[in-house]
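Peer 1: coords please:
(2 chains)
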Amino acid sequence: MGNTVILVLVVITALSFDFTNGFHDTANAMATSIATKALSPRVAVALSGVLNLIGAFLSLAVAATIASGLVSTKLVTLTVVASGLAGGITWNLLTWLFGIPSSSSHALIGGVVGATIAAAGGHAVLWHGLVSKVVLPAVMSPIIAALVAATGTWLLYRISRGLTDAARQHGFRVGQIGSACMVSLAHGTNDAQKTMGVITLALIVNKTVPAHSNAPFWVILCCALAISIGTYVGGWRVIRTLGKGLVEIESPQGMAAESASAAVILLSSSFGYSLSTTHVATGSIIGTGLGKKGAEVRWNVAGRMATAWVFTLPSAGLVGAGAYALADVIGGTIGVVVDLLILLAVAAVIYWRSRGTKVDHNNVNDEWTGTVAPPEREPAAA
Amino acid sequence: MSWINLSALWKIVVYGLIAGAGLPALFAIGLRALAWPGGARRVRAAGAGAGGDADSDVLIGGNPVGMVIAAIIFLVILAALGWCVYEVYQIGHPVTKK
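Peer 2: Sure thing, here's the model as predicted:
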C-alpha cells in the first residue's frame, strides 16, 4: 500500500511541476507578441494555454526519451522520482521569482538525475542518453535558433522594405499571431511530454506498466491540462524579461523569432530531443536582434540568463539529491511526505516574496529599466 | 552510438531555415503583393520614413492581381503549417510496440 500512496504523491507532484512548467514558459511563446502588442496579454495566455493542450497530444517522442532514455528504470525508486521533482519545482520557482527564463526541462532532468545519483550512484544514469539527447541539444539549439531567426529577420526587413513602417508593423502583427500559435503548439509537443515522461517513469518503476511503455492516456490528458492551466496563469515576470528585457522588438522581429522557435522546437521534438523551449526562444530573440541593423541586444541580460542556464542542471540536481537524502534518512512514505511538505513551504515563501514586487498583465509591458518588476506607476489619472 | 546525430542536426538546421525563415519570408512577399498599389485605394510608397501618419498602416493596395497573389501565398503558408503539424503527429505516434 505504501507504494500506492507514494505513487499518488509522485503523480500530484509531477502535475504541480507541469503547472510551474506552463507558467514559466508562457513567455517563450507569447513574450514577443505581448511586447509588440500583437495580442493583448490576457488573450495571449489564453490562446497559448489552449494550443499547449492540443500540442501535448501531438507527439509522444520526447516522453519516451524521458521515461526510458535518461536513467536506468531498474535502479530508480519512487522516492527518487519524488525528490527529483522537488528539485525541479524549487529551481523553477526560484528562477521565476527573479524573472529568469531558465529551462524547466533542465530543472526537471537535473532534479531526477541528481536524486538518482544520490540514491544509486552514477552508474544508474544513462550518461550517453543524457549528453546526446539533453546536454548537447541544450548547447546547440539556441545557436541554431539564433541563426534561423537572424536569417528570417534579415529577409523580412529586406522584403518588406516597400511598405511604410506603420503598414509593416500592422501586417506582421497578424503574422505574429500565427507564429506565436505555432510556438505554443510546439511547446506542448515538447514540454508537456516531459512530465508525461516522468509519470510514466514512476509507473514503470512501480511496475504499474511494463518497461518501455508509452504514456497511458490518462497521463497524457492530466499533463496536457496541467501545463495549459499553468500557461494560462502566465509567468508575467519571465514574459517581461523575454519580451522587454532582452531586445526591443518590432513585429517583424517578433514574427521571425517565433517562427524560428517553432520550427526548431517542432523539428527537435520529432527526433525525440528534449530540448529546452526556453533556450530556443531566447536564442531566437537574440538572433532577431542580430539580424536587424541597429537593433540592440542587452548582452548583460543575456549573460545573466546564460549563467542561470549553466547552473540549472547542477542546482536542481543538488536539491534533488538533498531531497532524496532527507527522504532516505527518514525512510518510507513519511520521508516522501516530509520532502513534499518542505517543498510546499518553500513554494509558499517564494510566492509570498513575489507579492512584494508584483508583475502581472497590467505592468508587463512597462519600459525596461533594468529590473524585473517595474517601478510603481503614478496612480493612473482616470 | 555517436554523441551527435549529425543527420538529425543538419536536418534541423536546413528544415529549420526553410520553415522558420522561409515561411515568414513568404508571408512578407504576400504582404508586399497585398500592398501593391492600384485600383481605387493607394498606399503611400516606401521612403515615407519612420512614424508616418495614422492612415499609412493601410495594407491593402487594391490591385486585383496583387490580392490574388497574396491570397495564394497565404493559402500556401496555411497548407504548409497544416502539413508540418501532420508530419509531427505522424512521427510522434510510432506504432506502439508491445
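Peer 1: quick one: contacts for the closest residue to chain B within the stretch 251-382 of chain A?
Peer 2: Chain B sits closest to residue A:263 of the stretch 251-382 of chain A, with a gap of 3.2 Å, by CB to the nearest CB. Quick note: C-beta positions are derived from backbone N, CA and C, even for glycine. Neighbour list for residue A:263: A:148, B:15-16, B:19-20 [criterion: CB atoms under 8 Å, 6 or more residues apart in numbering or on different chains].
Peer 1: Run through chain B and note the low-pLDDT ranges.
Peer 2: B:1-4, B:38-58, B:92-98 (pLDDT under 70).
Peer 1: same check, this time on the stretch 251-382 of chain A
Peer 2: For the stretch 251-382 of chain A (pLDDT under 70), the answer is A:370-382.
Peer 1: Residue numbers of it in contact with chain B?
Peer 2: Applying CB under 8 Å from any CB of the partner chain, one finds that the stretch 251-382 of chain A approaches chain B through A:252, A:255-256, A:259-264, A:266-271, A:273.
Peer 1: Quick check: phi and psi on the residue in chain A positioned nearest to chain B?
Peer 2: Nearest residue of chain A to chain B (CB to the nearest CB) works out as residue A:59 at 2.5 Å. Per-residue torsions, residue A:59: phi -140, psi 140 (degrees, to the nearest 10).
Peer 1: close enough to count as contact, it and residue A:271?
Peer 2: No. Using CB atoms under 8 Å, residue A:59 is not in contact with residue A:271, being 10.4 Å away.
Peer 1: Out of the two, name the residue with the larger neighbour count.
Peer 2: The neighbour comparison of residue A:59 against residue A:271 (other CB atoms under 10 Å in any protein chain shown) goes to residue A:59, with 27 against 19.
Peer 1: Before we move on, what's the pLDDT of the more buried one?
Peer 2: Residue A:59 carries a pLDDT value of 76.
Peer 1: got a list of what residue A:5 touches?
Peer 2: Taking CB under 8 Å, 6+ apart as the test, what residue A:5 contacts is residue A:333.
Peer 1: In terms of helices and strands, where is it?
Peer 2: helix A:2-35 (DSSP states H and E).
Peer 1: does the closest residue to residue A:216 other than its chain neighbours count as helix, strand or coil?
Peer 2: Nearest residue to residue A:216 in three dimensions, chain neighbours excluded: residue A:209, at 6.7 Å (CB to CB, 6 or more residues apart in numbering or on different chains). Here residue A:209 is recorded as coil under DSSP: H, G, I helix; E, B strand; the rest coil.
Peer 1: Let me know the angle separating the stretch of helix or strand the residue of the stretch 251-382 of chain A closest to chain B belongs to from helix A:2-35.
Peer 2: Applying DSSP H and E as the criterion places residue A:263 in helix A:251-270. With axes from the mean of the first three to the mean of the last three CA atoms, to 10 degrees as the basis, helix A:251-270 and helix A:2-35 are set at 150 degrees to each other.
Peer 1: quick one on the thing from earlier: I'd like the contacts of residue A:263 laid out as JSON lines, including secondary structure, distance to residue A:367 and neighbour count.
Peer 2: Formatted as JSON lines, the contacts of residue A:263 follow (DSSP: H, G, I helix; E, B strand; the rest coil; distance: CB to CB, whole Å; neighbours: other CB atoms under 10 Å in any protein chain shown):
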{"residue": "A:148", "secondary structure": "helix", "distance to residue A:367": "29", "neighbour count": "34"}
{"residue": "B:15", "secondary structure": "helix", "distance to residue A:367": "38", "neighbour count": "19"}
{"residue": "B:16", "secondary structure": "helix", "distance to residue A:367": "33", "neighbour count": "29"}
{"residue": "B:19", "secondary structure": "helix", "distance to residue A:367": "34", "neighbour count": "22"}
{"residue": "B:20", "secondary structure": "helix", "distance to residue A:367": "30", "neighbour count": "34"}
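Peer 1: Taking these, tell me the two that lie furthest apart.
Peer 2: Across the contacts of residue A:263, the longest distance by CB to CB is 9.9 Å; it joins A:148 and B:15.
Peer 1: List the buried residues for stretch A:140-152?
Peer 2: A:140-142, A:144-152 (16 or more other CB atoms under 10 Å in any protein chain shown).
Peer 1: Let me fix that, I meant to ask about stretch A:201-209.
Peer 2: A:201-206, A:209.
Peer 1: Quick one: end-to-end length of it, please.
Peer 2: 9 Å (CA to CA, to the nearest Å).
Peer 1: what about residue A:139, how many residues close to it?
Peer 2: Neighbours of residue A:139 (other CB under 10 Å): 11.
Peer 1: Restrict the helix or strand containing it to CA atoms and write it as PDB.
Peer 2: Taking DSSP H and E as the definition, residue A:139 sits inside helix A:136-159. These are the backbone C-alpha positions of helix A:136-159, laid out as PDB (Å, rounded to 0.1, in the frame of the first residue of the first chain):
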ATOM      1  CA  LEU A 136      24.300  18.800 -26.500                       C
ATOM      2  CA  PRO A 137      20.900  19.900 -27.800                       C
ATOM      3  CA  ALA A 138      20.900  22.500 -25.000                       C
ATOM      4  CA  VAL A 139      24.100  24.000 -26.300                       C
ATOM      5  CA  MET A 140      23.300  23.800 -30.000                       C
ATOM      6  CA  SER A 141      19.600  24.600 -30.100                       C
ATOM      7  CA  PRO A 142      19.900  28.300 -29.100                       C
ATOM      8  CA  ILE A 143      22.600  28.800 -31.700                       C
ATOM      9  CA  ILE A 144      20.600  27.200 -34.500                       C
ATOM     10  CA  ALA A 145      17.500  29.100 -33.400                       C
ATOM     11  CA  ALA A 146      19.500  32.400 -33.400                       C
ATOM     12  CA  LEU A 147      20.800  31.600 -36.900                       C
ATOM     13  CA  VAL A 148      17.300  30.900 -38.200                       C
ATOM     14  CA  ALA A 149      15.900  34.000 -36.500                       C
ATOM     15  CA  ALA A 150      18.600  36.200 -37.800                       C
ATOM     16  CA  THR A 151      18.200  35.000 -41.300                       C
ATOM     17  CA  GLY A 152      14.400  35.400 -41.100                       C
ATOM     18  CA  THR A 153      14.600  38.900 -39.600                       C
ATOM     19  CA  TRP A 154      17.000  40.000 -42.400                       C
ATOM     20  CA  LEU A 155      14.700  38.500 -45.000                       C
ATOM     21  CA  LEU A 156      11.600  40.100 -43.600                       C
ATOM     22  CA  TYR A 157      13.000  43.600 -43.400                       C
ATOM     23  CA  ARG A 158      14.600  43.200 -46.800                       C
ATOM     24  CA  ILE A 159      11.400  42.000 -48.500                       C
END
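Peer 1: Alright, that wraps it up for me.
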